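Engineer: Let me see the structure of the following:
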Amino acid sequence: MTMSALGEPCVLLKLGEVVLKGNNRELFERRLQSNIKASVKDLDFKVDLRQRHGVIALFLPEGSGVERADVVAERVSNVPGLVWIHRAWRVAKDPAAVTKAAIELLADREDVRRGVSFAVRSRRRDKRFPLTSMQLDRSVGGELNDIYGLPVDLKNPQLVVSIEVDRDEIFVFTGGQPGQGGLPVGTSGRGLVLMSGGIDSPVAAYRMMRRGLRVDFLHFSGIPFTTSESIYKAYALARALDKFQGGSRLWVVPFGKAQQSIKASGQDRLAVISQRRLMLKTAEEVARRLRAGALITGDSLGQVSSQTLQNITAQDDAVDMPILRPLIGLDKTEIMAEARRIGTLQISELPDEDCCTLLAPRRAETAAKIADLKQIERRLDAEELAVQLAGSLQEYKLQV
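Structural biologist: Residues are numbered from 1 along each chain as shown. This is a model prediction of the structure:
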């Protein structure tokens, strides 16, 4: 039930890097608006989006309660390009109405009963409003101090009452939750993620989505020599990541027979790097078909033998397309912390029969020579094999 003094609940969104985009800002804002609308389109009520200067306001149907505002806030908190999400109250542009709303906003709060320190911080986007920001702070803050007896702390308050004077209304709120930051998905092009079932590649995918790339997911399965477990795991990871971009697509290449061919080449120590190069060649062919402009991997420098500087250089040589490695300077602890935060760690830690188990030399090469790798590829006719593998591509529709 709507509280009379507080007006109507709504959600206020603060933009980050988008506001720094100069003449291109409008393009970024339009993409961000589209992504926000997509994140709430399947709700059973309509959300009205209104763009303001550096702020997006989401208004709910008349008579909506705070529960709907909570649902909307949770959805949009996963949309890259937003830095803060506030569950706010929309009140009339009248100083008395703002004061009443602020008083009611603090009623029955446990922290207020404990006597926390507070401050009122106003922002006046509409300069026609009769009170300046400082005058509004003092007026509302004085009333709150009189009623609740809270100590004022302007430098480091435990509770902040925020007031934002906009064109048509005033927003009143306390607190908020951080957004994903970054750029709106779709503003930086399209990429293709080489998605294993491990911890690293999902985090790499998230980091690139946060930089504005829309990504597809490509998984190499050991079928017919392994079970479908790794596909199920890749599917679960793609679903978990879909909340950040929507409309995700998972593609799977059966890779087992190609791995057997590499193993039969007799170059045991080079098998892992040969496999990685073939995966990249196949991914490049798939990316061209999907009109993606870059490949994305979860490589972290020195983490495993295939990720030494020499081996990474050898992998780069396999393709012409750029390979983005957003985790290159992170250690495993940092990557796991991010995986936990975005909700993929628990999935990644599930057991599965990864295709890499088919090639497990007793001693892996840490400084592969490109000439040796190319000799193996000539025997395998790797370029043609990559085209054939890309032709066996299967799409797995996500049920979200």
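Engineer: in the stretch 251-400 of the chain, which segments are predicted with low confidence?
Structural biologist: Scanning the stretch 251-400 of the chain for pLDDT under 70 picks out 266, 353-362, 400.
Engineer: which stretches of it form helices?
Structural biologist: With DSSP state H, counting those that start in this stretch, the ranges of helices along the stretch 251-400 of the chain come out as 256-264, 271-290, 309-316, 332-342, 345-348, 370-380, 382-391.
Engineer: any idea of the angle the third one forms with helix 370-380?
Structural biologist: It stands for helix 309-316. 40 degrees (axes from the mean of the first three to the mean of the last three CA atoms, to 10 degrees).
Engineer: Give the other helices and strands that helix 309-316 contacts.
Structural biologist: With contacts taken as 3 or more CB pairs under 8 Å, 6 or more residues apart in numbering; DSSP states H and E, helix 309-316 sits against helix 271-290, helix 370-380. C-beta coordinates here come from the backbone N, C-alpha and C atoms, glycine included.
Engineer: tell me the most buried of the helices of the stretch 251-400 of the chain?
Structural biologist: Burial of the helices of the stretch 251-400 of the chain is given as mean neighbour count (mean count of other CB atoms under 10 Å); helix 271-290 ranks first at a mean of 22.
Engineer: about what we covered before: Glu62: which of the helices of the stretch 251-400 of the chain is closest?
Structural biologist: helix 332-342 (35.4 Å; CB to CB).
Engineer: got the contact list for that closest one?
Structural biologist: The contact list for helix 332-342 (CB atoms under 8 Å, 6 or more residues apart in numbering) reads 199-200, 202-203, 206-207, 240-241, 244, 298, 300, 303, 327, 345, 348.
Engineer: Stretch 19-28 too?
Structural biologist: Applying CB under 8 Å, 6+ apart, the contact partners of stretch 19-28 are 18, 54, 81, 183-184, 187.
Engineer: Selecting buried members of those in ChimeraX, what would you type?
Structural biologist: Listed next is the ChimeraX selection for buried residues among these, using 16 or more other CB atoms under 10 Å:
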select :18,81,183,184,187
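Engineer: For the helices and strands packed on helix 309-316, give me CSV that also has distance to Arg50.
Structural biologist: Output for those, formatted as CSV (distance: least, CB to CB, whole Å):
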stretch, distance to Arg50
helix 271-290, 35
helix 370-380, 56
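Engineer: Between those helices, which one is closest to Leu393.
Structural biologist: Across the helices and strands packed on helix 309-316, the minimum distance to Leu393, taken as CB to CB, is reached by helix 271-290, at 6.1 Å.
Engineer: How far does the closest one sit from its chain's centre?
Structural biologist: Relative to its chain's centre, helix 271-290 lies at 25 Å (CA atoms, centre = their mean, to the nearest Å).
Engineer: relative to helix 309-316, how tilted is it?
Structural biologist: Angle of helix 271-290 versus helix 309-316, following the same axes, to 10 degrees, is 40 degrees.
Engineer: Which neighbouring elements make contact with helix 271-290?
Structural biologist: strand 190-194, strand 214-221, strand 250-254, helix 256-264, strand 294-296, helix 309-316, helix 370-380, helix 382-391.
Engineer: what about 7 Å?
Structural biologist: Applying 3 or more CB pairs under 7 Å, 6 or more residues apart in numbering; DSSP states H and E, one finds that helix 271-290 contacts strand 190-194, strand 214-221, helix 256-264, strand 294-296, helix 309-316, helix 370-380, helix 382-391.
Engineer: check contacts around the closest residue in space to Phe217 that isn't next to it in sequence.
Structural biologist: Spatially, and ignoring its direct neighbours in sequence, Phe217 is nearest to Met195 (4.3 Å; CB to CB, 6 or more residues apart in numbering). Contacts for Met195 (CB atoms under 7 Å, 6 or more residues apart in numbering) come out as 201, 205, 217-219, 234, 237-238.
Engineer: the helices in the stretch 101-250 of the chain, which residues?
Structural biologist: Under DSSP H, counting those that start in this stretch, the stretch 101-250 of the chain gives helices at 110-113, 133-148, 200-210, 229-242.
Engineer: of all those helices, which lies closest to Ser77?
Structural biologist: With CB to CB, the closest approach to Ser77 among these belongs to helix 200-210: 13.2 Å.
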